[in-house]
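In: Show me how the following folds:
(one chain, ligands or ions: 2)
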Amino acid sequence: MIKTKNYDFDAIVVGSGMSGGYAAKEFCEKGYKTLVLDRGKPIEHGNYETEFKPPWEMEFRGKMHSEEIKEKYFIQKKGHGVSDYTKHHFINDLENPYIQGKPYLWTRSSKVGGKSVIWSRQSYRWNKLDFEANQKDGHGIDWPIRYDDLAPWYDYVEPFIGISGSYENLDELPDGQFLPPIPLNVVERQVKASIETNFPGRKMIPARVAHLTEPQPIHLELGRGQCQSRNQCGRGCSWGGYYSSVSGALPAAKRTGNLTLTANAQVQEVLYDSKTGKASGIRYVDTVSGETNIVTARVVFMCASTLGTLQILMNSTSDKYPDGIGNTSGVLGRYIMDHVHGAGANGIMPGHRDSYYKGRNPGGIYIPRFQNIKEQQSDYLRGYGYQGGASRSTRVNAQRANQTGIGKSFKEANREPGSWKFKVTSFGEVLPDFNNRVFLHASNKDQWGMPLLITNVAYGENEAKMKQDMMDSAVAMLKAAGLKNVRGYNKPMAPGRSIHEMGGACMGRDPKTSYLNQWNQSHEVANLFVTDGAAFSSVSCVNPSITFMALTARAVDYADKQLKSGII
Ligand SMILES: Cc1cc2nc3c(=O)[nH]c(=O)nc-3n(C[C@H](O)[C@H](O)[C@H](O)COP(=O)(O)OP(=O)(O)OC[C@H]3O[C@@H](n4cnc5c(N)ncnc54)[C@H](O)[C@@H]3O)c2cc1C
Ligand code: SF4
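Out: Ligands and ions are numbered 1, 2, ... in the order given. A predicted model of the protein is given here:
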């Protein structure tokens, strides 16, 4: 039975993660009655079930049972983040199937707040070149906006989120509104000096991360506090030391009194009203009761995480739009991208045995893109950056279950820290390709009746050449810095592995070749907006989430003006 809920909402936001949380905050603060629908289970900030658990309270001392991996996490365990401490934040692979036409590693969250609860918090602005790349080298659709259009919106979201970072004045990595950086340790400082001396034009800086190194009133009033450098963030942080939708945007939305948040709500369709030519609302299934509900609003924001959003839009069919709402052009689901990942190097730094540090650095280092900036220098297009850092291996590792020994000498031996290690890994820009796409299976559906998504995405020659260079350059820099036992690696990895999926409902100027205009608004259905990664026409090489939030805030500002002037 389908129930039409008699709520009178101004805005519906689909998804409550990084983008949806921010959309909800902006709408609620502007006075709009806002419904947020999320497929995930409810989560209560401040009550993260494994946050304070020591290994000896975990059934297998923090290791995951191989049978559980085989049964529930057989896809996502190949990627980042799934551990015995965090597994409940990820969906069950068996219960949430999709079809890998070509191998694709799709990571999804199981809870309200989405992947913002489990992310690694790396936050970098795009640069001018990133928005111009498609036009310059002819791959993908030219962005309808440039860096200067978005810069004020980075300025707007960064203070709320709280980004720690250093001011560097680099064109390739614009500065933002920063809290004090997390300082580099002694080995990181040594490697930095070597790179900047031996490789002119390259820089190594403290990672820019969404951690409160010096909380401001805007954070404290939401109950967020200083980061304690425990680096257990993936479990959740009850005092909000790092930004997530559940510690930041959703509480901000809630305190306005304008937020209604419905969990366990699997959105299946954006409803289209042929009389008005607009989206009239949403159809969703309550995954606990099995009931189907219809809710209506004046404007719909899609923030269900790139592929989730595309799945819903493609399933939103009508006489006018048999291939998905607003999809006359046929580009919906095309140009799926993420980041090339899986190459880098590591080594041992001799010396510094008398240098110690306290706490676990949740940031590390960043080496901004240095390839093909002023001119084309390599045999591949675009570029990549490195993340990583130095740490001392401790012989006592509370999370390691397999140590053996007993008695005083064992304890004393384990108190002595080991040698210094340094490692880097890279994220590179994938070229947009029309043939990299997702689409729906004609008849296979999940347990709630949602058609299954098919992924048909592959890397090309450009990505292979870039990856080789990621490894070679990392090895050269680490050797020049005096590291020993330097090992480069270049592992084969399926698309999706970087968990930075983007594209599929790209922004552009021409409705014939793009899905959204310069305001993240559907070219064809004026009150329908897409502000998660699906809107992206290219992917830069930096982690994307801060840009999702900046674009979301900008789009809500525009929708607000359109709503107030009665245009939508
Ligand atoms: C381990 C890990 C590390 C990461 N590290 C970084 C990093 O350092 N920096 C960075 O920038 N990014 C990082 N990311 C990526 C980052 O988390 C994502 O880019 C970001 O969360 C995406 O935002 P989103 O709003 O599109 O999706 P999400 O945050 O995933 O939110 C989407 C929400 O939509 C809901 N949803 C999906 N389908 C439906 C449906 N049909 N109906 C209703 N609701 C639905 C989901 O339940 C979810 O809550 C990382 C991700 C992971 C997993
Ligand atoms: S490192 Fe900081 S943000 Fe992460 S869990 Fe610890 S206190 Fe929270």
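
In: and the protein, which residues reach ligand 1?
Out: Counting by Cβ under 6 Å from any ligand atom, the positions of the chain adjacent to ligand 1 are 14-20, 37-40, 80-81, 107, 109, 112, 114-116, 118-122, 265-267, 303-305, 308, 312, 499-500, 532-533, 543-545, 548. For the C-beta atoms, the positions are set from N, CA and C on the backbone; glycine is no exception.

In: Adjacent strands (with direction) for the longest strand seen in the chain?
Out: For the chain, the longest strand by residue count, based on DSSP state E, is strand 417-429. When pairing is defined by DSSP bridges, strand 417-429 lines up against strand 339-349 (antiparallel), strand 384-394 (antiparallel).

In: tell me the mean pLDDT for the first one?
Out: When you say that, I think you mean strand 339-349. Averaged over strand 339-349, pLDDT sits at 97.

In: How far away from the center of its chain is it?
Out: The chain centre lies 20 Å from the centre of strand 339-349; the measure is Cα atoms, centre = their mean, to the nearest Å.

In: need the next SSE after it, C-terminal direction.
Out: Per DSSP states H and E, the first helix or strand lying C-terminal to strand 339-349 is strand 365-367.

In: and for that following strand, what are the contacting residues?
Out: 122, 124, 173, 184, 188, 191-192, 195, 202-208, 385-390, 424, 477 (Cβ atoms under 8 Å, 6 or more residues apart in numbering).

In: Quickly run through the sheet partners of it, with directions.
Out: Here strand 365-367 is paired, per DSSP bridges, with strand 205-206 (antiparallel), strand 384-394 (antiparallel).

In: residues of the last one that come out buried?
Out: Neighbour counts using 16 or more other Cβ atoms under 10 Å place 384-392 of strand 384-394 among the buried residues.

In: ok, and of those residues, which contact ligand 2?
Out: Applying Cβ under 6 Å from any ligand atom to the buried residues of strand 384-394, none is adjacent to ligand 2.

In: could you dump these to TSV with pLDDT?
Out: Formatted as TSV, the buried residues of strand 384-394 follow (pLDDT from 0 to 100):
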residue	pLDDT
384	98
385	98
386	98
387	98
388	98
389	97
390	96
391	92
392	88
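
In: Of these, just say which sits nearest to residue 468.
Out: Proximity of the buried residues of strand 384-394 to residue 468 (Cβ to Cβ) peaks at residue 384, which lies at 11.3 Å.

In: Hmm, the closest one is touching residue 539, no?
Out: No: using Cβ atoms under 8 Å as the test, residue 384 is too far from residue 539 to be in contact (11.2 Å).

In: For these two, list the residues in contact with both.
Out: residue 429.

In: Apart from its chain neighbours, what residue comes closest to residue 393?
Out: Nearest residue to residue 393 in three dimensions, chain neighbours excluded: residue 418, at 3.7 Å (Cβ to Cβ, 6 or more residues apart in numbering).

In: Show me the strands in the stretch 351-500 of the chain, by range?
Out: For the stretch 351-500 of the chain, applying DSSP state E, counting those that start in this stretch gives strands covering 365-367, 384-394, 417-429, 437-445, 451-456, 484-490.

In: out of those strands, which comes closest to residue 292?
Out: With Cβ to Cβ, the closest approach to residue 292 among the strands of the stretch 351-500 of the chain belongs to strand 437-445: 13.7 Å.

In: Can you verify residue 16 is assigned to a helix?
Out: No: with DSSP: H, G, I helix; E, B strand; the rest coil as the criterion, residue 16 is coil rather than part of a helix.

In: Based on its surroundings, how many neighbours for the residue nearest to it when sequence neighbours are not counted?
Out: Using Cβ to Cβ, 6+ apart and skipping residues adjacent in sequence, the residue nearest residue 16 is residue 38, 4.2 Å away. By other Cβ atoms under 10 Å, the residues close to residue 38 number 30.

In: So residue 38 is in contact with residue 265, correct?
Out: Yes: with contact defined as Cβ under 8 Å, residue 38 reaches residue 265; the gap is 6.3 Å.

In: need the contact list for residue 189.
Out: For residue 189, the contact set (Cβ under 8 Å, 6+ apart) is empty.

In: ok, it to ligand 2 distance?
Out: Residue 189 sits 21 Å away from ligand 2, going by Cβ to the nearest ligand atom, to the nearest Å.

In: got the angle between the helix or strand harbouring that residue and strand 417-429?
Out: For residue 189, the host element (DSSP H and E) is helix 186-198. When axes from the mean of the first three to the mean of the last three Cα atoms, to 10 degrees is applied, the directions of helix 186-198 and strand 417-429 differ by 50 degrees.

In: all numbers from here: first residue = 18
Out: Fine by me, first position is 18 from now on; the one you just mentioned is helix 203-215.

In: In helix 203-215, which residues are buried?
Out: Of the residues in helix 203-215, 204-205, 207-209, 211-212 count as buried by neighbour count, 16+ other Cβ under 10 Å.

In: Among the residues you listed, which pair sits farthest apart?
Out: Farthest-apart pair in the buried residues of helix 203-215 is 204 and 212; separation 12.6 Å (Cβ to Cβ).

In: hang on, the earlier thing: out of the buried residues of strand 401-411, who's nearest ligand 1?
Out: Taking Cβ to the nearest ligand atom as the measure, ligand 1 lies nearest residue 404 of these, at 8.2 Å.

In: Please report how far the closest one lies from ligand 2.
Out: 16 Å.

In: Touching, residue 270 and residue 277? I think so.
Out: No: at 9.9 Å, residue 270 does not count as touching residue 277 under the criterion of Cβ under 8 Å.

In: got any residues that touch both of those two?
Out: Taking Cβ under 8 Å, 6+ apart as the criterion, residue 270 and residue 277 both touch 51, 53.

In: Next, the residue of the stretch 468-585 of the chain found nearest ligand 2: phi, psi?
Out: For the stretch 468-585 of the chain, the residue closest to ligand 2 is residue 562, as judged by Cβ to the nearest ligand atom, at 15.4 Å. Backbone torsions of residue 562, given as degrees, to the nearest 10, read phi -60, psi -40.

In: Could you do residue 341 as well?
Out: Here residue 341 shows phi and psi, under degrees, to the nearest 10, equal to phi 110, psi 140.

In: In this structure it contacts residue 331, no?
Out: Yes: proximity of residue 341 to residue 331 meets the contact threshold set by Cβ under 8 Å, at 4.2 Å.
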